[in-house]
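In: Below are the sequence and a predicted model; questions follow.
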Amino acid sequence: MITRKSTSLPQVLLFCFALQGFTAQAQTVIEPELGIGVFGDPPNVTFRGSPLILQLYFGLPAGEVAAAGSATVQPVQISVPSGKWTRLVKLSVKNQQGVLQSWPFQVLTPVGASIQIAPDSPKELLVILPPEATSLLATGTYKLKLLLDSRTGSTPGSWKGWAIDDTTLEILDPPQAPVPAQQCSQALILAAYHEQKNNTAQAEAVLAQAPALVGCLAARAELATRTGNKKLAIDLYKQAITRQRQLRQPSDEPSTILERKCQLVMNSLPEAERDPLATCGYKECIAESEEEVCHRVSAQCGPLQATDICGNTSNIASCGTCTAPQTCGGSGVANQCGCAPETNAQFCSRQGKNCGSVTGQDNCGQSRTVTSCGTCSLKDPLIQRVDQHRLAR
């Protein structure tokens, strides 16, 4: 049930400006409508101990938009002076006796101080009740009511009015011996919960343990696509397509839709990895040898860790050795043979020279000329006179 009420709203008027020679059409203001969606199968049923995921919808009635023409419909703008616009929203829960419940809902959708609802861009809020909270709920039927009231608390110029929607929710004990369809349904809910909480690894683990039914296989494929594991996604889509064709259940997602989704994933692969002979497939990658990996990354020597063309990590003990006087990394570049040239002082010392100009090969085998390996100091004058005296004798 959807109920909407607003303060005075302008009618659609057509003003004729004969003197100016043109006409202008006023915009139509349409009151927003709300909706409450309960994620799961069967609809509006949640088991104790399973997450409750609600999608709160804020949009404009499609029928009224079509009748007025979307181009003439004025977007509904709602703002608050400070804080978040969701303070104008109230989600209440009552049990069968009409007693108001206090459920610790969490809003996962980021929101700001304003919201704009346009004909082609409705807004949604994702609200969850975690498993540890639903496990404490009493079984039974509950009534959920969603209210948007902007008559007070919103800024001047905002849409002033209210809209309401309600639905029922059944809380049940989990089945003692769930059939595969129930297991898959619960896995989809739990995986969606983990993914919305940014725990993708846990969502993948939940779906990996779910029965190989069409819905769960397709959900695993979509999750693999979002995480970039495209080949796994293709494999899962193909399994879902095969399963769908075997069951031929018209209520399930048609295999043609799955095939299109699978083909989109295949088309996003590098061209060399696509299988031109398959509607949806990929070529198996032929792994490189260690020598080919070293050559592709131009590694000449030493140990190497690199990603091969198949996306696997290769840990190579050695890409080769270097010939003396070169050493691996000697020039300061990893996995490259090179020689670190000695200093002029080291060159002179190795040549046994301590003065004058010296030409020779340095430690890297290159010809080098050092203009001066040092200078000689004059002896003490007294020692010079003693030397001269000795020579005179």
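Out: Everything's here; your move. In this text, all values refer to a predicted model and were calculated from it rather than measured experimentally.

In: Tell me where the stretch 1-150 of the chain has strands.
Out: Ranges of strands within the stretch 1-150 of the chain are 2-6, 14-17, 22-25, 28-29, 33-38, 45-47, 52-59, 73-74, 76-79, 89-94, 106-107, 114-117, 123-129, 140-149, based on DSSP state E, counting those that start in this stretch.

In: Also the stretch 201-350 of the chain?
Out: In the stretch 201-350 of the chain, the strands defined using DSSP E, counting those that start in this stretch lie at 304-307, 313-316, 327-328, 337-338.

In: okay, those strands in TSV with mean neighbour count next?
Out: For the C-beta atoms, the positions are set from N, CA and C on the backbone; glycine is no exception. As requested, these are exported to TSV (neighbours: other CB atoms under 10 Å):
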stretch	mean neighbour count
strand 304-307	14
strand 313-316	13
strand 327-328	18
strand 337-338	18
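
In: quick one: low-confidence parts of this protein?
Out: 1-26, 248-255, 277, 283-285, 378-393 (pLDDT under 70).

In: Mind doing that once more with 80?
Out: 1-27, 41, 245-256, 271-272, 274-287, 309-312, 377-393 (pLDDT under 80).

In: per-domain residue ranges of it.
Out: 2-172, 196-273, 298-337, 341-374 (automatic domain parsing).

In: Just name the most buried of these.
Out: domain 196-273 (a mean of 17; mean count of other CB atoms under 10 Å).

In: what's the span of that domain from first residue to last?
Out: 32 Å (CA to CA, to the nearest Å).

In: And that domain, how far out from the chain middle?
Out: 17 Å (CA atoms, centre = their mean, to the nearest Å).

In: Please tabulate the strands of the stretch 1-150 of the chain in CSV, including the columns distance to residue 342.
Out: Converted to CSV, the strands of the stretch 1-150 of the chain look like this (distance: least, CB to CB, whole Å):
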stretch, distance to residue 342
strand 2-6, 86
strand 14-17, 92
strand 22-25, 87
strand 28-29, 85
strand 33-38, 76
strand 45-47, 77
strand 52-59, 71
strand 73-74, 81
strand 76-79, 74
strand 89-94, 77
strand 106-107, 68
strand 114-117, 71
strand 123-129, 68
strand 140-149, 80
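
In: in the chain, which spans are helices?
Out: 62-68, 131-134, 180-196, 200-208, 214-226, 230-247, 255-267, 290-296, 344-351, 381-392 (DSSP state H).

In: for these, which one sits closest to residue 42?
Out: Shortest distance between residue 42 and those, using CB to CB, is found for helix 180-196: 8.1 Å.

In: elements contacting that closest one?
Out: Contact analysis of helix 180-196 by 3 or more CB pairs under 8 Å, 6 or more residues apart in numbering; DSSP states H and E lists strand 52-59, strand 123-129, helix 200-208, helix 214-226 as its packing neighbours.

In: what's next to the second one, contact-wise?
Out: The reference is to strand 123-129. 51-59, 86, 89, 91, 103-109, 111, 115, 117, 193, 196 (CB atoms under 8 Å, 6 or more residues apart in numbering).

In: thinking again about what came up before, can you list the strands of the stretch 201-350 of the chain in a markdown table and add distance to residue 187?
Out: As requested, the strands of the stretch 201-350 of the chain are exported to a markdown table (distance: least, CB to CB, whole Å):
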| stretch | distance to residue 187 |
| --- | --- |
| strand 304-307 | 33 |
| strand 313-316 | 31 |
| strand 327-328 | 52 |
| strand 337-338 | 55 |
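
In: Can you tell me which of these is nearest to residue 96?
Out: Among these, if distance is taken as CB to CB, the winner is strand 313-316, at 58.5 Å.

In: The closest one packs against which elements?
Out: helix 290-296, strand 304-307.

In: possible to save the ones you listed as TSV with distance to residue 168?
Out: Below are the helices and strands packed on strand 313-316 laid out as TSV (distance: least, CB to CB, whole Å):
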stretch	distance to residue 168
helix 290-296	62
strand 304-307	54
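
In: between those, which one is nearest to residue 223?
Out: Nearest of these (CB to CB): strand 304-307, 23.4 Å.

In: Quick check: which helices or strands does the closest one pack against?
Out: helix 290-296, strand 313-316.

In: would TSV of those with distance to residue 159 be doable?
Out: Converted to TSV, those look like this (distance: least, CB to CB, whole Å):
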stretch	distance to residue 159
helix 290-296	62
strand 313-316	56
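
In: First-to-last residue distance for stretch 336-347?
Out: Using CA to CA, the two ends of stretch 336-347 sit 24 Å apart.

In: Show residues contacting it.
Out: 299-301, 322-323, 325-332, 350, 358, 360, 362-366, 368, 370, 373.

In: Check what contacts the lengthiest strand in the chain and list those residues.
Out: Longest among the strand segments of the chain by residue count, using DSSP state E, is strand 161-172. Strand 161-172 has contacts (CB under 8 Å, 6+ apart) with 1-7, 31-36, 38, 44-48, 52, 93, 134, 137-151.
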